[in-house]
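[1] Mind looking at a prediction? Sequence and model below.
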Amino acid sequence: MHVVVNAAMSVDGKLSSRRREQIAISGPDDFDRVDQLRADSDAVMVGVGTILADDPSLTVDDADRRAARADRGKPENPARVVADSRIRTPPDATVLDGRAQTYLLVSEAAPPDFIEEMEDAGAYVIAAGQDRVDLTTTLAKLEGDGIDQLMVEGGGELIFGLLEEALVDELFVYIGPKVIGGRDAPTLADGDGFIEDFPEPELAGVERLDDGVVLHWQF
Ligand SMILES: NC(=O)C1=CN([C@@H]2O[C@H](COP(=O)(O)OP(=O)(O)OC[C@H]3O[C@@H](n4cnc5c(N)ncnc54)[C@H](O)[C@@H]3O)[C@@H](O)[C@H]2O)C=CC1
Ligand SMILES: Nc1nc(O)c(N)c(N[C@@H]2O[C@H](COP(=O)(O)O)[C@@H](O)[C@H]2O)n1
């Protein structure tokens, strides 16, 4: 499986403010680039923190891109994947609207009645890991289901979890003209942080876009 992480961050590395509400960091050209990345992917993944904060659709906006996917024999939209250890995804979340297949990755600690509720809402549930999702195992199961190209849109906890398990192949970071600040605001990679063996990706590209810049890193 090839894993591509994409996120937009402020000048000071924040994905949002301490209120964890969605903030417009990038502009229309960057959203178009992100839409193309979605269209090129078999699935788009987020953590449940992003579901609760943003309620994203994770679908492809551009009708031509959806049609091009259908011409290639693929579903119009990539599958959606949510890492949600104990199931906090609301049954009325937009990712469960039936516009694409949705996988919920949960841990063994997920309450069985919640699992049933999610399955009733149309999600395909994959469980691995004691207290939090075992990302290596669950991504391998997704690959077994035909997901070869996985795009990850955040947030910071999930991105760190993937980096920690050396599961990231590429990272696109849009840096927009805003300073958000705040010690409790989410950053690109949260979790416990590294204290040694820091991942050291190579810079593969730099592009000016909207009023900011996209950095492309390869691991
Ligand atoms: N600017 C941008 O591009 C984006 C910004 N955001 C922002 O990020 C914030 C949400 O990010 P976070 O709170 O960090 O939540 P998150 O979206 O990273 O989700 C974290 C949750 O994922 C689940 N998880 C399960 N297994 C895990 C594992 N092995 N490793 C890590 N997480 C695991 C846990 O339930 C954990 O609480 C919101 O404020 C949202 O607006 C989110 C996506 C993109
Ligand atoms: N690329 C980008 N730029 C920004 O300025 C952002 N705030 C975000 N946020 C993420 O974009 C996703 C929106 O999804 P839908 O369009 O609703 O499908 C979501 O994951 C946000 O967290 N991204």
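    Done, it's in. Ligands and ions are numbered 1, 2, ... in the order given.

[2] Please count neighbours and contacts with C-alpha atoms only from this point.
    Noted.

[3] Give me the distance between the closest residue to residue 75 other than its chain neighbours and ligand 2.
    The shortest distance from residue 75 to any non-neighbouring residue, by CA to CA, 6 or more residues apart in numbering, is to residue 69 (6.6 Å). Taking CA to the nearest ligand atom, to the nearest Å as the measure, residue 69 falls 17 Å from ligand 2.

[4] and residue 69, how many residues sit next to it?
    Using other CA atoms under 10 Å, residue 69 is surrounded by 19 other residues.

[5] three-state assignment of it?
    For residue 69, the assignment made with DSSP: H, G, I helix; E, B strand; the rest coil gives helix.

[6] Tell me which residues touch it, please.
    Contact analysis of residue 69 by CA atoms under 8 Å, 6 or more residues apart in numbering lists 39, 75-77.

[7] In terms of pLDDT, where does the residue nearest to residue 95 when sequence neighbours are not counted sit?
    Excluding the flanking residues, the one nearest residue 95 by CA to CA, 6+ apart is residue 57, at 5.5 Å. For residue 57, the model assigns a pLDDT of 97.

[8] Over to residue 156?
    pLDDT for residue 156: 98.

[9] That one against residue 193, yeah?
    No. The criterion here is CA atoms under 8 Å, and residue 156 misses it with residue 193 at 10.6 Å.

[10] Between the two, which has more neighbouring residues?
    Applying other CA under 10 Å to residue 156 and residue 193 shows that residue 156 carries more neighbours, namely 24 against 13.
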